[in-house]
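1. Based on what follows, work out the 3D shape:
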Amino acid sequence: MLVESRPRVLLADDHAAILNALERILERSCEIVGSVNRGGSLLEAATRLRPDVVVLDLSMPEIDGLEGCRQIKRVMPRTKVVVISAAYDAELSQEALSLGASAFVLKSLMARDLADAIRTALREDT
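-> From the prediction side, this is the model:
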């Protein structure tokens, strides 16, 4: 029987309560390799930890989620990015996807949708 490995995930959000919620939501299906609470720490953490997926808040201090996505995809093109946001904005969602994000998930729906978004992102061709 082939055992599927759990994806390595880096979490990025500036609110500790959201980071804790993300960990609880993903702990059974993913290996959480780290978390950051500032956009300025994101690229360093990603290059050091080499996650399969980065779950990234759109609104972060220092470097916002769009710029964070741009930097990660430039340096680590095979790493998948799933953007999360408290509010839906069609323009920002489209921009995140155009920068290489695999999915855009509302925080209000992350308990329901985030694990599926990660699984779908990992099945994408790179």
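2. any idea how far the closest residue to residue 52 other than its chain neighbours is from residue 53?
-> Spatial nearest neighbour of residue 52, chain neighbours left out: residue 7 (4.2 Å); criterion: C-beta to C-beta, 6 or more residues apart in numbering. C-beta coordinates here come from the backbone N, C-alpha and C atoms, glycine included. Per C-beta to C-beta, to the nearest Å, residue 7 is found 5 Å from residue 53.
3. more neighbours, those two?
-> Neighbour totals were compared for residue 7 and residue 53, and residue 53 leads with 24 against 19 (other C-beta atoms under 10 Å).
4. unless I'm mixing things up, the more buried one is touching residue 83, no?
-> No: the criterion here is C-beta atoms under 8 Å, and residue 53 misses it with residue 83 at 11.3 Å.
5. residues contacting residue 37?
-> By C-beta atoms under 8 Å, 6 or more residues apart in numbering, the residues touching residue 37 are 12-16, 19.
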